[in-house]
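*Asks:* The amino acid sequence is not available; the structure is as follows:
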């Protein structure tokens, strides 16, 4: 997709024509030849104007002392978003980035293809909930700016789905998004959390399902970008339990994104009179999830202490009495209601890959629990985006297991005896399990080469039946090939690489390659179908996704080996992947790029400062780069259980040793880098990207660009409007293709 630069070509031709124009003897007269008409000159295409230069960030050094170590921060002033000088600098960076990105070759063709793929009239259904004879779902239906909430009679008639809420009716520009929804037990009411501009600060609105009209009062600040939020209806639909953040006057402003508690709201009453339930003794960084058993009226509550994977479990009886099952150190990471007044819990106590316990509700003591399924070779998946991945039917337990990246569904009877496993495609993943009735459930599966599809499964007969709830693909993935290979990290650990490439491609080291990674929070990076992968593969680009330590693809030990003081292992794993791809002739350093976001943005920052020679280009979304000050922001406090704190000397030493911002070296030739951030990001403060950009631009010893793109209409990525998603991807692909010579 390389274009000819006509202006330079025309000037060069003109210069050749003017050579030797001095005086010369008159030529011998000859008969005049027939004169042919001169060809029409080609139109002169003017070169695009040069982009405005990047603004130079002023040096205003501030020194902090940590355990006797003085650390200089030259750009701390860029942390204040309300400072006019910060705003002016950020606007200048945006102008510089736009000038560079808008002038890249082949941008129009890339934009047309991205628009075609992301706006294709496909439909994706996720976050299903079954209530009575109705299925509720989020439906992504381009070219709608935001996913919608829909209701349908069953999984075989998605064309009969009725839209309950299209956020575009509230904001045509796509600025309002659905955080989540919860239908009542009878399916006649639904509570929906709505937030603005990617902020994830959600207020709950209640709708009548039959009429589609909003009813009753709005409950403010139920969801947040720090601790999230949740809700559970009373069985009779008269009210609901919900997560509540502090109101004005209850706590200082700096604490209003913390101290989440559980309250009860009765419909038709003033929210100021809502009843407190539990949470005053929870940690400042509590994150609450609730689950109600409609048959018994019991409420199950799980409290996570920050983002490190430690939980308490509480149960509310029908009489309103609360009982505690486990504390943070007990290793319980999931709990679900089962038949016969039992709870089924996943515990990692002395079982880092997980075991399943049965706990009688009448006793509610872990000491009385029975081991139903002992720890096995593979790791139990406890949740996917807050949705439980262990489901109990009247006679079966359905459990999702990790296989080092891919996942599979296994079936056990209530005594723990495994049944025949449902047959699934290779290198695929289970995304959600939804009980329908009796032994019947729906589960959603997908792979790198096949779009998401919902399957009906009967746990007693073990029969799997496709449903009509499946996504069509706007691209042809039949020519894609997937390979699972393993790199060897610095300490000998084998690190899975999922290599997606054009089928039959020769391995001669000449192909461009993009490596993606994350490695944190126990998040499993599973196979996922991304139609935009076609943009890579159709142009000969190899796309690779690494399963790094810090995730939980091989259990809690795999997570622990990439968290707290072990975080450097994640970067070593990623580096091993880069070297593997060049040593095995998939690519070369001159044609290798890396891409990642959030915690994966930290990975991008660490890699580019530790090994700038291994990559040619970097794309980093909403990343964390200053590891010494991250915990001072609201969401950063929740990250302490994952990354550590500067208040602990050993953890400070580890943080300081890899913090990307503090390891930029003046005069180093750094790879071309595109940073992207959202002004409304509640999870990673945009100042991380501002400070890292300023530091790299000042230090750059080569001529590769360092760009910062800030979106004023988005946040961390959740709730981003389709039009902004398209614009962002056009910039990313244009940047990568230009740098990789595609």
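*Replies:* Done, it's in. Model, not experiment: these values are computed from the prediction.
*Asks:* In space, what's closest to residue 451 - neighbours in sequence excluded?
*Replies:* Nearest residue to residue 451, sequence neighbours excluded (C-beta to C-beta, 6 or more residues apart in numbering): residue 471, at 4.0 Å. (Glycine included, C-beta is placed from N, CA and C.)
*Asks:* next one: phi and psi at that neighbour?
*Replies:* Note on residue 471: its backbone torsions stand at phi -90, psi 130 [degrees, to the nearest 10].
*Asks:* Let me see the contact set for residue 463.
*Replies:* Residue 463 sits next to residue 457 when contact means C-beta atoms under 8 Å, 6 or more residues apart in numbering.
*Asks:* cool, the one 4 residues further on as well?
*Replies:* By C-beta under 8 Å, 6+ apart, the contact list for residue 467 reads 155-156, 442, 453-456.
*Asks:* starting at the chain centroid, how far to stretch 504-524?
*Replies:* Remark: stretch 504-524 is offset 17 Å from the chain centroid, using C-alpha atoms, centre = their mean, to the nearest Å.
*Asks:* hmm, which of the contacts of residue 467 are the buried ones?
*Replies:* Neighbour-count burial (16 or more other C-beta atoms under 10 Å) is assigned, among these, to 155, 442, 453-456.
*Asks:* From these, pick the one nearest residue 260.
*Replies:* Nearest to residue 260, judged by C-beta to C-beta, of the buried ones among the contacts of residue 467 is residue 442 at 30.5 Å.
*Asks:* avg pLDDT for stretch 538-556?
*Replies:* Across stretch 538-556, pLDDT averages out at 97.
*Asks:* Now do that stretch: distance from first to last residue.
*Replies:* One end of stretch 538-556 to the other measures 38 Å (C-alpha to C-alpha, to the nearest Å).
*Asks:* Same question for stretch 199-215.
*Replies:* One end of stretch 199-215 sits 24 Å from the other (C-alpha to C-alpha).
*Asks:* Now do the contacts for residue 693.
*Replies:* By C-beta under 8 Å, 6+ apart, the residues touching residue 693 are 93, 675, 706-708.
*Asks:* Contact partners for residue 283?
*Replies:* By C-beta under 8 Å, 6+ apart, the contact set of residue 283 is 303, 305-306.
*Asks:* Does residue 678 touch residue 709 like I think?
*Replies:* No: using C-beta atoms under 8 Å as the test, residue 678 is too far from residue 709 to be in contact (9.8 Å).
*Asks:* quick one, which of these two is more surrounded?
*Replies:* The neighbour comparison of residue 678 against residue 709 (other C-beta atoms under 10 Å) goes to residue 678, with 29 against 25.
*Asks:* hmm, back to that, tell me which of the contacts of residue 693 is nearest to residue 191?
*Replies:* Closest to residue 191 out of the contacts of residue 693 is residue 675 (37.0 Å), distances taken as C-beta to C-beta.
*Asks:* contacting residues for the closest one?
*Replies:* By C-beta under 8 Å, 6+ apart, the residues touching residue 675 are 620, 623, 689, 692-693, 706-709.
*Asks:* That one in helix, strand or coil?
*Replies:* In three-state terms, and counting by DSSP: H, G, I helix; E, B strand; the rest coil, residue 675 is strand.
*Asks:* Report the residue ranges of every domain in this structure.
*Replies:* What automatic domain parsing lists as the domains of the chain is 89-116+475-629+660-740, 120-290, 296-377, 383-473.
*Asks:* Compare the contacts of residue 693 and tell me which is most surrounded.
*Replies:* Neighbour counts for these (other C-beta under 10 Å) peak at residue 675, which has 28 neighbours.
*Asks:* if we can go back for a sec, now for the contacts of residue 283, which sits with the most neighbours around it?
*Replies:* Counting neighbours by other C-beta under 10 Å, residue 303 leads the contacts of residue 283 with 23 neighbours.
*Asks:* nearest spatial neighbour of that one, skipping sequence neighbours?
*Replies:* residue 312 (4.4 Å).
*Asks:* quick one, what contacts that neighbour?
*Replies:* Counting by C-beta under 8 Å, 6+ apart, residue 312 touches 282, 302-303, 305, 324, 326-328.
*Asks:* Past the helix or strand containing it, which element shows up next along the chain?
*Replies:* According to DSSP states H and E, residue 312 maps onto strand 311-316. Using DSSP H and E, the helix or strand that follows strand 311-316 towards the C-terminus is strand 322-326.
*Asks:* Sitting in strands, which of the contacts of residue 675 do you find?
*Replies:* Using DSSP state E, the members of the contacts of residue 675 that fall in strands are 620, 706-709.
*Asks:* Residue 147: which of those is nearest?
*Replies:* residue 709 (24.0 Å).
*Asks:* and that closest one, bridged to which residues?
*Replies:* residue 676 (DSSP bridges).
*Asks:* do the same with residue 242
*Replies:* Bridge pairing for residue 242 (DSSP bridges) gives the partners residue 231, residue 263.
*Asks:* Was I right to think it contacts residue 204?
*Replies:* Yes: with contacts counted by C-beta under 8 Å, residue 242 reaches residue 204, the gap being 6.5 Å.
*Asks:* what touches both of the two?
*Replies:* 191, 219, 222, 231.
*Asks:* Next, the contact list for the last one, please.
*Replies:* Residue 231 makes contact with 182, 191, 193, 204, 222, 240-243, 290, according to C-beta under 8 Å, 6+ apart.
*Asks:* try 10 Å
*Replies:* Residue 231 makes contact with 180-182, 191-193, 204, 219, 222-223, 240-243, 262, 265, 290, 292, according to C-beta atoms under 10 Å, 6 or more residues apart in numbering.
*Asks:* same check, this time on residue 642
*Replies:* Counting by C-beta under 10 Å, 6+ apart, residue 642 touches 306-309, 520-522, 550, 559, 562-564, 567, 599.
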